[in-house]
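Asks: could you look at this predicted model? Sequence included:
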Amino acid sequence: MGSIFQDKAGRWRGVVNLPKGNDGTRKQKVFYGDSNQTPGQQKRELQAKITELEYEINNNLYLNETNDTMEQYLKKWLKVYADENLEVTTRELYEMYVEVHINPFFGKHKIKDIKPMQIQEFYNEKMKDIELKNGKVKKGLSKNTIGKLHSFLNRAFEDAITNRTIKYNPCQGVKKPKKQKYKPAICSEKSFDTLVEETKGTLDGVLILLAGICGLRRGEIFGLRFIDIDRINFKITIFQTKVRFNKEWIIKKPKSETSSRTISVPEFVTTSINAYLSTLKIVPELIFSEFQPDAYSKHFKKLLARHNLPPMRFHDLRHYNAIIMMKYGVPDKVASQRLGHSQVQITREIYQHVLPDMDRQASIVIEGAFSKQIEETKKTELG
């Protein structure tokens, strides 16, 4: 219950006992009367403030706002929410967001004082290109990266609201940048056939088949073990993936339940794997341990140039696999399961782009349908 009294200096005060804070201690909220008002006016105003605060406390509406800075709060947030709920690679990414981008900009600001305009200013600054002393230009962050930063901050602020330590989420007043869709370089079937033929019987040939024919991710390919390949039933099971963490390559479980999967593969894929393994004196635990994933991506770029083939990323072979499945009538649900996607919509939106010959075929089908309709109309009119 609050109380109003006059202190020794003659000032009127209103005092309310607050709920216990996160540290277990109980504090008081003190209101001071306006010395320019009469005692009666001061008492009425103080009583109104006390009544309002007591209502908030009694109805669980009171916010025990924190004085933590952004740096202090995010450090706690990562420890409480990230340790158990995030993959190690995602946690590392979030820690990078905090240390490299967020703390230098407003790490010392109190979290309760952050305004939407500051968030927007932060995004604007991060997207700017920076001219370095040597004359080179450091590109600003992409809209997609800013979108990820926004999602991270929004989640952190929402959790602060849930814990009743801030009144509102400043990210709600900032428009999230529209995601820019990446358009992969999709090779033609002719180019892919050339690539397969030129690398036949080599390690490159096996890796290209696993990406382009089986649709495996780069990390999944380099995480394959001998026991993951069923060479009798022509199947491959994804139990693990190889990813970068703390500047090292580690083995971890796939990022989702749907990424852990068993798929049937053409017999010639397992035959190619067998042929490669037969060239090794000792089969390592990870079959394709000759390269680290990032090193192979660089090697693949040089491989394409050596055979005068159009440039693309190694991951783009996975896009190629999705398109080929679509072109030859593999149902979306089956394609999605083979690619390890959690939703069919992901397969449709991200991976299934249209090849020029598919577009031409659609035109031929449409032309044939309309030509048939015109002929039938003429016959009806003549009849």
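Replies: Nice, thanks for sending it over.
Asks: low-scoring stretches of the protein, by residue?
Replies: Applying pLDDT under 70 to the chain flags the ranges 1, 21-24, 61-65, 82-85, 182, 350-383.
Asks: can you map out the strands along it?
Replies: 3-6, 12-20, 26-32, 130-131, 137-138, 229-230, 235-238, 241-245, 248-252, 261-264 (DSSP state E).
Asks: the fifth one packs against which elements?
Replies: Secondary-structure packing of strand 137-138 (3 or more CB pairs under 8 Å, 6 or more residues apart in numbering; DSSP states H and E): strand 130-131. Just so you know, the C-beta spots here come from the backbone N, C-alpha and C atoms, and that holds for glycine as well.
Asks: please name the residues that touch Phe122.
Replies: Going by CB atoms under 8 Å, 6 or more residues apart in numbering, Phe122 touches 102, 105-106.
Asks: buried among those residues? Make that a ChimeraX selection.
Replies: Here is the ChimeraX selection string for the buried members of these, based on 16 or more other CB atoms under 10 Å:
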select :102,106
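Asks: as CSV, the contacts of Phe122 with distance to Ile119 would be great.
Replies: What follows is these, written out as CSV (distance: CB to CB, whole Å):
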residue, distance to Ile119
Ile102, 10
Phe105, 10
Phe106, 9
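Asks: of the contacts of Phe122, which is the nearest to Leu280?
Replies: Ile102 (47.0 Å; CB to CB).
Asks: surely the closest one touches Ala156?
Replies: No. Checked against CB atoms under 8 Å, the pair Ile102 and Ala156 is beyond contact range at 9.3 Å.
Asks: looking at the contacts of Phe122, spot the one nearest Asn58.
Replies: Once CB to CB is applied, the member of those that ends up nearest Asn58 is Phe106, at 35.1 Å.
Asks: quick one, what contacts the residue nearest to the closest one when sequence neighbours are not counted?
Replies: Spatial nearest neighbour of Phe106, excluding adjacent residues (CB to CB, 6 or more residues apart in numbering): Met70 at 5.5 Å. By CB under 8 Å, 6+ apart, the contact list for Met70 reads 102-103, 106-111, 114.
Asks: again, only using 6 Å
Replies: The neighbours of Met70, taking CB atoms under 6 Å, 6 or more residues apart in numbering as the test, are 106-107, 109, 111.
Asks: most neighbours among the residues you listed, which one is it?
Replies: Ile111 (23 neighbours; other CB atoms under 10 Å).
Asks: what's the neighbour count on the closest residue to it other than its chain neighbours?
Replies: In this structure, Ile111 finds its nearest non-sequential neighbour in Tyr73, 4.7 Å apart by CB to CB, 6+ apart. The number of residues packed near Tyr73 is 23, by other CB under 10 Å.
Asks: go on, His101?
Replies: By the criterion of other CB under 10 Å, His101 has 18 neighbours.
Asks: and it, how far from Tyr73?
Replies: His101 sits 16 Å away from Tyr73, going by CB to CB, to the nearest Å.
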